[in-house]
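Trainee: Got a sequence here, can you model it:
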Amino acid sequence: MVALARPLWKPPFAMTLSLDTYNTLLEALYNGAREDAPWALFLNQLCELTGSRLTVLNLARPRPGDPGVVFIGGADFDREHRLQYANDFSALDPFVNLPDGEAITLSEVLSPEQLRQTAFYREFMQPTDLVQILGIDIPRDGRPALFLRAIRSERAAPFGEQEKALFNLLAPHLRQLQSWLDQTRQQGFELGIYDGIASRLEIATILLDAGGRILHCNPVARALLSSSELIAERQGRLAARRSGDQQRLQALLAECAGTPENSPTLAPALRMETESPNSGLYLLLKPLPAGAEAGLLPPDLIPAEASADGPRIAVYISTPEILSPEQQGILQQLFDFTPSEAQLAISLANGMSLEQIAEERCVSRNTLRTHLRGAFQKSGVNQQSALVSLVLRSVAGLG
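Mentor: Numbers count the residues shown, from 1 in each chain. Below is the predicted model of the structure:
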């Protein structure tokens, strides 16, 4: 009998991962929010290290009607495919609510035989060959707030202790990232991660220094400045194309720049209109405390002549948005509206009066008032204007 050679012993993964490789990975994780494609470098590096087809960083879980805030390495999924996953498959996913900060594989939750009996496997995993999953969850207040996934083909080798060890090494850094993102949200700044969110909501975000020079634009803002007939970038500054709008814009920018720090003030707003309906722009200007955002902008995004204090004004630009019937389901989920209450709320948010809605739907005003009272009670408001504002903030993403 021929003696089989015994496999060489391999030390734990943490001992074989070089410090240079690990440091490069952490650098990509912490700098990911500043990339044009957030966390693309980190996720692609993680793909290579784990031999995965896909890696996923999720900051808001997809659900029907909402693709969430998800960044993917190894493949490109457009909004249509993300919505399809959210609508058709997110509720079927068996790999959720994992132990806090502990790497685990799907095979530890379900055996291959059990997995193949699920609708999620038959309808999503098998057709896409995204079957083997390694994951880690970082919760907030007992609910998953951030999670990381690595995914392999069904034919690939199973995830082992080495890959799990890497995920466990990343756990405290993912927790730190989650804490940083929470602080950033509370401060109201929209950089990096908010590029992805604001792009999905079609809100342009521009940061200016005290002199009005542009420090940062998200992708929506860059596209708007290059194509809009109403607003543009001129010599590194934000400018309106029409003289009347330009005078009002510059006056508001000067007002924001001169606002004392920490003073309560109503954020000034400006509307620029064209002759075409629903083709204007809404601008909201927000003063920022000096130095509060210093260090969050990549150095190559800050002009040499810019103020050392960093961003002092945030400009949010949106287009008039007509809410679609498809968004009815979101309102029903958020506020437990009935279909009739959600339809009424969307019609009101689109500028229709009760008389117009009653005529369009062939119902009485008394019926609409009944639906309106139900919507008031469930949403916690007691005025029609407050309901419209709530709908726009909740569904259209306007703050």
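Trainee: rest of the way, CA atoms for contacts and neighbours
Mentor: Fine.
Trainee: How about Leu288: what's its closest non-neighbour residue?
Mentor: Distances taken as Cα to Cα, 6 or more residues apart in numbering put Arg312 closest to Leu288, at 4.6 Å, once the chain neighbours are dropped.
Trainee: cool, Ile330 as well?
Mentor: Distances taken as Cα to Cα, 6+ apart place Gly65 nearest to Ile330, at 6.3 Å, with adjacent residues excluded.
Trainee: Between the two ends of stretch 268-285, how far is it?
Mentor: 6 Å (Cα to Cα, to the nearest Å).
Trainee: List the buried residues of that stretch.
Mentor: Using 16 or more other Cα atoms under 10 Å as the test for burial, stretch 268-285 gives 271-272, 280-281, 283-285.
Trainee: Quick check: the farthest pair among these?
Mentor: Based on Cα to Cα, the longest span within the buried residues of stretch 268-285 runs between Gly280 and Leu285 and measures 16.5 Å.
Trainee: Next, please give the residue ranges for the strands of this protein.
Mentor: Here the chain has its strands, by DSSP state E, at 54-60, 69-73, 104-105, 132-140, 143-152, 204-208, 214-217, 231-234, 237-240, 269-272, 281-287, 313-318.
Trainee: Nearest to Leu98, out of these?
Mentor: Using Cα to Cα as the criterion, the shortest distance between Leu98 and the strands of the chain is 5.8 Å, found for strand 132-140.
Trainee: what are the ranges of the helices in the stretch 151-300 of the chain?
Mentor: Across the stretch 151-300 of the chain, reading from the start of the chain, the helices by DSSP state H, counting those that start in this stretch fall at 161-187, 193-201, 219-227, 243-257.
Trainee: which residue sits closest to Pro311, ignoring its sequence neighbours?
Mentor: In space, not counting the residues next to it along the chain, Pro311 is nearest to Asp209; the distance is 4.5 Å by Cα to Cα, 6+ apart.
Trainee: in the stretch 101-250 of the chain, which ranges drop under the pLDDT threshold?
Mentor: Counting by pLDDT under 70, the stretch 101-250 of the chain has low-confidence residues at 144, 184-203.
Trainee: again, 90 this time
Mentor: Along the stretch 101-250 of the chain, segments meeting pLDDT under 90 span 119-120, 122-124, 128, 139-145, 177-213, 215-224, 226-229.
Trainee: Do you know the pLDDT at the nearest residue to Leu46 once chain neighbours are set aside?
Mentor: For Leu46, ignoring the flanking residues on the chain, the nearest one in space by Cα to Cα, 6+ apart is Thr55 at 6.9 Å. Predicted confidence (pLDDT) for Thr55: 94.
Trainee: how near is Glu229 to Leu41?
Mentor: Separation of Glu229 from Leu41 (Cα to Cα) stands at 35 Å.
Trainee: quick revisit: touching, the residue nearest to Leu288 and Leu208? I think so.
Mentor: Yes - applying Cα atoms under 8 Å as the test, Arg312 and Leu208 come out as touching, 6.0 Å apart.
Trainee: Thr55 against Leu148, yeah?
Mentor: Yes - the pair Thr55 and Leu148 qualifies as a contact (Cα under 8 Å) at a distance of 7.4 Å.
Trainee: okay, those two: which has more neighbours?
Mentor: Neighbours were counted for Thr55 and for Leu148 using other Cα atoms under 10 Å; Thr55 has more, 29 against 22.
Trainee: for the more buried one, which residues make a bridge with it?
Mentor: Gly73, Ala150 (DSSP bridges).
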